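[1] Have a look; sequence and predicted model below, questions after that.
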Amino acid sequence: MIKLNSINKKFKGFTLKDINLDINDGEYFVLLGKSGSGKSLILEITAGLQKPSSGKVFLRGKDVTNHSIQNRKIGFVFQNQSLFPHMTVKENIFFPLKRSERHMLNDNIRKVIEHLNISHLLDRYPESLSLGEANRTALARTLVTNPSCLLLDEPLSSLDAQSKYEIRSLLRKINKGLVYFGEDNKNKPMTIIHVTHDYEEALALATMIAVIENGMITQSGTPEEVFRHPKSSFIAKFVGIKNFYRGTISPADDGEICQFNLSKYKESPKTFFVPSPEISNLDEYSIIIRSEDVILSLDSFESSIRNIFKGIITDIENVVNGVEVTVDIGGVELSSLITSASFKKMNLQLKQSIYAGFKASSIRFP
């Protein structure tokens, strides 16, 4: 349905580089990335609010690169809602309609107002609305135009937990066609492109994800493909993986075990013993070590564990499953998740010397 073909956009100090996306009808497509990565710019180019420096935008097979947003039948909900402060909620909702339709409360508009639960707000002004109410109003103003595709720029970023849950549930229903506006759209899924920096939000909503870093797409696929097999430390940190490393592989003394040489330390290599990777011809590999697989000890220990390092505790954080302890093992940070009972028993402190170890078999290649 929507295709971005080799999109580039240059600004002073920032460039959107070679963006290629194919977004199918009915997909809930999430653009995930940090602030300033270029994801909102991709949304604006898709909508027609920005023109690319090069490349083309196709909508339903038609080149719309030079078409305005009014000629694309796309709905856009801005991050700051952009409600008109001098208009009531009702007037804001009716504003994008033709003049002859602005006072007609037809079945389609009634459905929008009903599903978004804003009937009681119609006579109020934006300044009196909560963030959640303003968000619903902005969404209603877009949906009454009956768009074929909905573009959302950080729609949940300022909402409280309950409002986020309610809006997420509504967006899923709209995407699946369970909530529809206009008889032509009955039970018809709506394509949604959603920009966010929130991993949990992406996981809760997306059928497909593209990760944006520094103006480029670094990984795309289903949520399972992206989050179970991250290709960068940026993505790994998004999903709570602390021990993500890039490096090269060299033979060790065992055919089933190799040395992993961290790329960051080429001059004075820091190495781990790792299982032999299934793919053996790559220039660089990524590895993941779960925090719960990293063992801590106050004293040096002898065992079958191949990877044992002495380090200094640099951070201690209470988390849901226990205590996460970060150990610097000579310039490399290693995170260990231990139980609260173990933490108290060892009486761990910041800047304390500690031994950290993990089995080669616990390492996986994403």
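    That came in fine, so what should we check first?

[2] hey, where'd the strands end up in the stretch 101-250 of the chain?
    For the stretch 101-250 of the chain, the strands defined by DSSP state E, counting those that start in this stretch cover 149-153, 191-196, 208-213, 216-221, 243-254.

[3] Now tabulate those strands in TSV and tack on mean neighbour count, mean pLDDT and distance to Q349.
    Quick note: C-beta positions are derived from backbone N, CA and C, even for glycine. TSV is the format used below for these (neighbours: other C-beta atoms under 10 Å; pLDDT from 0 to 100; distance: least, C-beta to C-beta, whole Å):
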stretch	mean neighbour count	mean pLDDT	distance to Q349
strand 149-153	24	94	45
strand 191-196	24	96	38
strand 208-213	23	94	36
strand 216-221	18	94	38
strand 243-254	16	84	22
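
[4] For F227, find the nearest of these.
    In terms of C-beta to C-beta, the element of those nearest to F227 is strand 208-213, at 8.1 Å.

[5] hang on, A138 packs against V77?
    Yes. At 5.3 Å, A138 and V77 qualify as touching, with contact defined as C-beta atoms under 8 Å.

[6] ok, the two, which is more surrounded?
    A138 (24 against 20; other C-beta atoms under 10 Å).

[7] Which residue, other than its chain neighbours, is closest to that one?
    Across the structure, with C-beta to C-beta, 6 or more residues apart in numbering as the measure, the residue nearest A138 apart from its sequence neighbours is Q81 (4.0 Å).

[8] mind listing what R124 touches?
    With C-beta atoms under 8 Å, 6 or more residues apart in numbering as the criterion, the residues that contact R124 are T88, V89.

[9] backbone phi and psi for the residue nearest to A138, please?
    Dihedral pair for Q81: phi 70, psi -40, per degrees, to the nearest 10.

[10] which regions of the stretch 1-150 of the chain lie under the pLDDT threshold?
    Low-confidence regions of the stretch 1-150 of the chain, defined here as pLDDT under 70, cover residues 98-107.

[11] Now do the helices for it: every range, in order, please.
    Secondary structure of the stretch 1-150 of the chain (DSSP state H, counting those that start in this stretch): helices at 39-47, 89-94, 107-115, 131-143.

[12] Show me how far the shortest one is from its chain's centre.
    When C-alpha coordinates are averaged (C-alpha atoms, centre = their mean, to the nearest Å), helix 89-94 and its chain have centres 31 Å apart.
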